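> take a look and give me a structure for this.
(chains A, B and C)
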Amino acid sequence: MSKQIIDAMAMQRALTRITYEIIEKNRGINELVLIGIKTRGVYLAQRIAARLHQLENTEIPVGELDISHYRDDMQLEKPAAKIDIKVDVTNKRVVLVDDVLYTGRTIRAALDAIMDNGRPVNINLAVLVDRGHRELPIRADFVGKNIPTAQNERIKVNVEEIDGFDDVEIDK
Amino acid sequence: MIKPKIKKVLLIGGGPNDFGRESELDTAMIQIIGAYAEMGIETVVIDENPYSLALEIPKIGTYLQAITAENIKKIIEIEQPDAILPACGGLTAFNVLGELLVDKDFHLMERLELLGVNQQTLELINNPGLLANRLKQMGEPVTISKVANSVEDAFDVAREIGFPVNVKPVSAHFEASRQMANDSESLDLALKIAFRQSRTKQVVISQDITGLREVGVAVLRDKHDVNMLVGAVEDIDPVGIHAADSIIVTPVQTLTDREFQRLRMAAFRIMKQLNIRGIAHIQFALDPKTDSYFVIKISPYFDMNSSLVARATGYPLALVCASVMIGIELEKVKLPSAFASKMAMIEPVMDHVVIRFPVFPFGEIENAGIKVNHRLNTMQKSVGSTIGIGRSIEEALEKAIRAAHFSNRSFSPHIMNALPENDLIQQLIHPRDNRILLLIEALRRGYTVDELAELTKIEEYYLYKLRHIMELERGVINNPGNIELLTQAKYYGLSDGLVAKLWQSDFDSVRGLAKDNDLVPTYKAIEPSAGELPERVSKYYSTFEMENESSQLGEKSVLIIGTGAFRLGDGASGSYITATVLSELKLNGFQTIIMNNNPNALSLIPRLADKQYIEPLEISDVMNVVELEQPALVIVPGNRIKLITALRNRGVRTIVLPKEKYMPHGPLNGEHEYAANYYYDGKNSYLISLTDHIAGKLMMDREVLNQFVTKNIPLPKMEFASPGLYQLVMPKLPHKSSVEGGQLRPIPYGQIAFMNKVTGINWLRIMVRDYVHCLTDADKALLAKLPEITWKYQVSELVANDTDFFQHLQPASDLDTTKFEMGVSLKILG
Amino acid sequence: MSNRYLILADGSTYEGIGFGSEATTFGHIVFNTAMTGYQEIITNQIYHNQIIVFSAPTIGAGGINHDAYESIFPTAKGVIVRDVAEVSTNRLKRMNLDKFLTRHNIPGITGIDTRALIRHLRETGPQKASIVDFPDDHAFDQLNATVLTTRQVDAVATPRAYPNPGTGSTVVVIDFGLKHGILRQLSLRNADVTVLPYTVDTETVLSLDPDAVIFSTGPGDPRDLPNSVFELMRQLQERVPLLGIGLGHEIFGLANGASLVKLPFEHHGTNHPVKEVITNALLYVPQGAGYAVDPTSIDHAKLITTHIDIIDNSVQGLRHRDYPAFSVAFFPDSAPGPLEGTTVIDELFEMIETKDRF
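As a prediction, the model looks like this:
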């Protein structure tokens, strides 16, 4: 049984609000870099970048991060070489973008990967959904929606670019 | 996913005319083809409608073929279009594409892009049961409905839902209506019809919602989910009378803003969920008592409703749709310079009332000696409609009625006097085509508005309006010659003709009295901003107010009188003829003015004429325009004898498009009738073709003509006033020099359309050039060569078998369908 | 019902038939092109001292409904229409428009060539007008001598605080003559609302511990309001999520350094597309403003332009760069009018939900 908990309109609004909050918190968009966590985080980051471009007429670089090799809970070896995130992060204000914030392990891995690439001024975290159950002391700076969930439930974020439509569903 | 830019589009045409299908699809298609031509996009058209104007557009690909999956497949193979557009083909096009989609070897979706809707939505539209389920999932209220595979199944469902129920075929061969069944007998009959219509031999049985209010909205949506409400209409008649038979009002009057906005949002949600790009007409049934609504129909294609809102608002709907359907955002749609900039994006608002009034075929059928039931129900019975535009409900209604009947005569108060009280009540409860007249009679007899609202489920607001009309008429009757009442009468749309009748006076004296007292019409523009924004307007209607916005178009304009509502035997062909005349005059450099009132007519295509008057066509209406425009020439269809006389009596230069007053009867069953068709230039006649007519079919064969040319077909002496297209009708094929029992008459419009398409030469255009002394040397050479010319198609038939008259009208006996010009298709045999 | 006249300051006269109150009134004349929602429009206090011309050919067919009041005591000065409907009064429609206007001392004229009038107003712009029994010199003298008050907000805003309790977020509404639609939208979201007079001070507002503050709609020119209002706005926007609507939007612009321009053509209606800049989306929203924030006056280091009317290019929305504070010139309560604008209210509530992160 899956149930829609955020519709397309609300998802658009959440990204809009996060965009404004990024401007508020950073006092502008100087030295801003967005890094999306693959797969859906990248599309969300691109949408935020598109919104920033609409407002400020400035291209904000969007990096991509595939952290499957960095996860501490996957028994994989750390890659010998750092992962290329396609943008320079040194002395930048980085906003890391992901679809769902859960245990925090993905984010921890992402932070490692970013640090491997350079030294940003700061890193903020933007997520579309915060579903709780953190296992690490990590919190998001920008949240689309807080959704309390049970451990056995699954949150599915659909994005038009991959899934053909936008919404967030909960699976039981 | 980056799609290649669309360079060529295949448009599916509307097919034969039918109940609920006039010229609106061809009208939309012509505009879309024009819009694409301006964008450099090639178009290819398939249709078999002999009255199609789109098929005659030069420099596009045309296929005069039946609209079938096989034919479309072949065309796709030959033309390799980038996209296919079904919105100009109505439900037939959706059904045919549905067939193509399940053709596993063809891979339609890999070959081209489907415009307007995606595959899933197309399938849903073809299957009302699935669509209802999908709507339910979306949280949109729908009536309970279930699919039945057999009569037994259907009765099971009916027992579950309870009578009354509605019956509708799944995947119908053509646009089929739902039928209401109150009991086992009526369900039996409805099932018989519905199973016959279904391709899949399935029917949908659904909950009946008779008596609720019916509201339709036309919505436009672009690929970025920008939704716009183009217009909304409200039926005066409650659910239970087919929407096409209902009297329809726009803008919506009796809904509160909250009720209205809720429907608007529901429509937008449906557009988004079904991912429709372009136009859709969505119908709702509204229950104000329980504050609830049902979605009753979704049509993501052009139809009579979208045509109505486009005419009513002046919004360039088809042009905008052309862009939106190929993925251009609403904001980036470019309109021709005749429209205000950004007009595409403004939600149309109206400062006038438009009422659409249905026209029924009962008279024509009864004239043929066949009985037919006048009671209205969920099965469409009307064959045409007119619109009346005014600044009040009264005015718009009076004008619509006048337009539908050429005069108010049949709607004057005297006719109903004799109706017994019981019949009156019966007819109020079971409405017929004359219900407006009946309601006025009931009010006259003292029924209160609230009583009638209860009996008829008609919103009391409209009954107050009818009461007002009744009071106006009464006032006029009781005060002959009174200027104040004449002023009131004109202000609320009563015509000179009606007032003359009520005063037992004559038309000219009433008109004279009105003019002596400065009671002259003021013309107002039809434009989508309700006066807020300046625009180059070319569409007008009359009213009697302060400001007149219309001024003379030019010194040498030509006024063309349209053919009004479609009627049995006088429908799409008239629309084709008028539009062709307009187009030819324009090509010859004339400024043209069209007067018409049929919202589905080809002649009201924006920009086809330099100026439009959407008006009734009674003598006074025409004279008012003539006096303002002072046209150099007026062109009138030949059946409008009184109008022609009136114009000529007033010294207006009038050209008559030859046409018989009544559509001639065809041959009886099993008999032949032959016609030799001529062009008559005022002096000589030239033979063009021979037609062989049997009941239900007209045939034209170049080879037969060749044979008989050698035998010397007579060139009869003609004494018609106008040059034009005439025929000699004979019971037998003509022999050497004499004709027995031959009858000379103008060629019926439908046969002109047939002949134009078959020969590949537009004789009507030659005729128009002749009228305005613009015959070219090529024309003269062509006429001189007749009949030794090459035809486009050698053997062809005009077949009238697509309309199910029995289903709609239940006539007491068989009808000759060829003369009715419905369900007519053109078949090329060689 | 007898003949009555609408006279304009530019000397023109329009004749029709009176309905509603028989009073002689003076007001600014404006036209509204919405096709539904006459009751909401007439009761909207932005029409204080205004004579409203409806472009819709007929109004009144829906009667007067309990759920369509935008204020209890409307203060418009007249209703001009082509055709006013007669309706039965029954369970759903307790009153008709004629009786309603009589009760509130608002005169109406029906049977006016409103299209001609609107086309005239389109050329000549907004002006003073009067509804009179005779359009004689005396009537014109009276009209010319009339000075309409600039203290419009005081005439319609609440002098006293009142609550509209709910179980959700706490919202304070600063009232300048609010539309009930705003309260209806807040009720829909279960907000616990307190409406305060605009003379309130910052401490009083903050003492209610609001999750958000709304500066409401209202009539007139905000520059006629005392400075304290702008100071209140500046202090609150730093502390609480804030939304300005209509007049509240104009105050937001002024409080943050922008200036206003008088619109050459006031647009009152629901059919202009308004672009949400950040997404490029188009919305159709109810509008009705005589003034707009001058786009050249906006300090882009402080404010972001969020919404623009595509037709007249007027600024329709602003947002502060540094605080969760924003405003819209249109009416997001959509009463009457399309509902897509209500997402602005959703935005406010989503802002409330996530604001504790700062």
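
> from here on, just use CA atoms for contacts and neighbour counts.
Will do.

> how far away is the closest residue to chain B within the stretch 201-350 of chain C from B:A530?
For the stretch 201-350 of chain C and chain B, the shortest gap (C-alpha to the nearest C-alpha) falls at C:N271, measuring 4.8 Å. Using C-alpha to C-alpha, to the nearest Å, C:N271 is found at 11 Å from B:A530.

> list the residues that contact both of those two?
Counting by C-alpha atoms under 8 Å, 6 or more residues apart in numbering or on different chains, the shared contacts of C:N271 and B:A530 are B:349, C:33.

> now do residue 38: how many residues are near it, please.
You didn't say which chain, so I picked chain A. 18 (other C-alpha atoms under 10 Å in any protein chain shown).

> sorry, I should have been clearer: chain C.
Other residues close to C:Y38 by other C-alpha under 10 Å number 27.

> now stretch A:155-166: buried residues?
A:155-159, A:166 (16 or more other C-alpha atoms under 10 Å in any protein chain shown).

> and residue 11, its phi and psi?
If you meant another chain, say so; for now it's chain A. Main-chain torsions, A:M11, degrees, to the nearest 10: phi -70, psi -40.

> try again with chain B
The phi/psi pair for B:L11 (degrees, to the nearest 10) is phi -110, psi 130.

> contacts for stretch C:179-199, please.
By C-alpha under 8 Å, 6+ apart, stretch C:179-199 touches C:44-45, C:69-71, C:157-176, C:216-218, C:228-229, C:332-335, C:342, C:345.

> from the chain's centre, how far out does that stretch sit?
15 Å (C-alpha atoms, centre = their mean, to the nearest Å).

> list the buried ones in it?
Buried-residue list, stretch C:179-199, by 16+ other C-alpha under 10 Å: C:179-187, C:189-199.

> before we move on, back to that, restricted to helices, list the buried residues of stretch A:155-166.
Among the buried residues of stretch A:155-166, DSSP state H puts none in helices.

> near chain C, which residues of chain A are found?
A:13-14, A:16-17, A:20-21, A:23-25, A:27-28, A:51-52, A:54-55, A:141-145 (C-alpha under 8 Å from any C-alpha of the partner chain).

> next: the stretch 201-350 of chain B.
Counting by C-alpha under 8 Å from any C-alpha, the residues of the stretch 201-350 of chain B near chain C are B:224-226, B:228, B:251, B:253-258, B:260-262, B:264-265, B:342, B:345-350.

> among these, which ones are buried?
In those, the ones that pass as buried (16+ other C-alpha under 10 Å) are B:224-226, B:228, B:251, B:253-258, B:260-261, B:264-265, B:342, B:345-350.

> show me those residues that map onto helices.
Mapping those onto helices (DSSP H) picks out B:257-258, B:260-261, B:264-265.

> residues contacting the closest residue to chain C within the stretch 351-500 of chain B?
Nearest to chain C in the stretch 351-500 of chain B, going by C-alpha to the nearest C-alpha, is B:D351, at a distance of 4.9 Å. Counting by C-alpha under 8 Å, 6+ apart, B:D351 touches B:391, B:530-531, C:55-57, C:115.

> mind redoing it with 7 Å?
Contact analysis of B:D351 by C-alpha atoms under 7 Å, 6 or more residues apart in numbering or on different chains lists B:530, C:55-57, C:115.

> equivalent analysis for C:N44, please.
C:70-71, C:74, C:179.

> which is the next helix or strand following the lowest-mean-pLDDT helix or strand in chain C?
Least confident helix or strand, chain C: strand C:260-269 with a mean of 91, by mean pLDDT, DSSP states H and E. Later in the chain than strand C:260-269, the nearest helix or strand by DSSP states H and E is strand C:273-276.

> mind listing the strands for chain A?
For chain A, the strands defined by DSSP state E occupy A:2-6, A:32-37, A:62-65, A:93-101, A:122-130, A:142-146, A:154-158, A:167-171.

> distance between whichever strand or helix holds B:E627 and the chain's centre?
Secondary-structure assignment from DSSP H and E places B:E627 in helix B:619-629. Mean C-alpha position of helix B:619-629 versus that of the full chain (C-alpha atoms, centre = their mean) differs by 24 Å.

> per the annotation, how does chain B divide into domains?
B:8-115, B:144-207, B:213-350, B:355-511, B:523-657, B:673-828 (automatic domain parsing).

> need the ones you listed in CSV (columns: mean pLDDT).
As requested, those are exported to CSV (pLDDT from 0 to 100):
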stretch, mean pLDDT
domain B:8-115, 95
domain B:144-207, 86
domain B:213-350, 94
domain B:355-511, 90
domain B:523-657, 94
domain B:673-828, 87
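
> and those as JSON lines, adding distance to chain A?
Converted to JSON lines, these look like this (distance: least, C-alpha to the nearest C-alpha, whole Å):
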{"stretch": "domain B:8-115", "distance to chain A": "16"}
{"stretch": "domain B:144-207", "distance to chain A": "23"}
{"stretch": "domain B:213-350", "distance to chain A": "10"}
{"stretch": "domain B:355-511", "distance to chain A": "37"}
{"stretch": "domain B:523-657", "distance to chain A": "29"}
{"stretch": "domain B:673-828", "distance to chain A": "40"}
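
> how much space between the residue nearest to B:A800 when sequence neighbours are not counted and B:T803?
Spatial nearest neighbour of B:A800, chain neighbours left out: B:V824 (4.2 Å); criterion: C-alpha to C-alpha, 6 or more residues apart in numbering or on different chains. Distance of B:V824 to B:T803, computed by C-alpha to C-alpha: 8 Å.

> sorry, back to before: filter the contacts of B:D351 down to the ones in helices?
Per DSSP H, those map to helices at C:R115.

> of the contacts of B:D351, grab the buried ones for PyMOL.
Only the buried entries of these go into this PyMOL selection, using 16+ other C-alpha under 10 Å:
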select buried, (chain B and resi 530) or (chain C and resi 55+56+57+115)
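
> C:V153 sits in which helix or strand?
Counting by DSSP H and E, C:V153 is part of helix C:152-156.

> helix or strand next in line after that helix, which one?
Assigned by DSSP H and E, the successor of helix C:152-156 is strand C:162-164.

> what strands line up against that following strand, and which way round?
Using DSSP bridges, the strands paired with strand C:162-164 are strand C:192-197 (antiparallel).

> and of the contacts of B:D351, the nearest to B:I6?
Proximity of the contacts of B:D351 to B:I6 (C-alpha to C-alpha) peaks at B:A530, which lies at 35.9 Å.

> returning to that earlier point: so which of the domains of chain B is nearest A:S68?
domain B:213-350 (33.8 Å).
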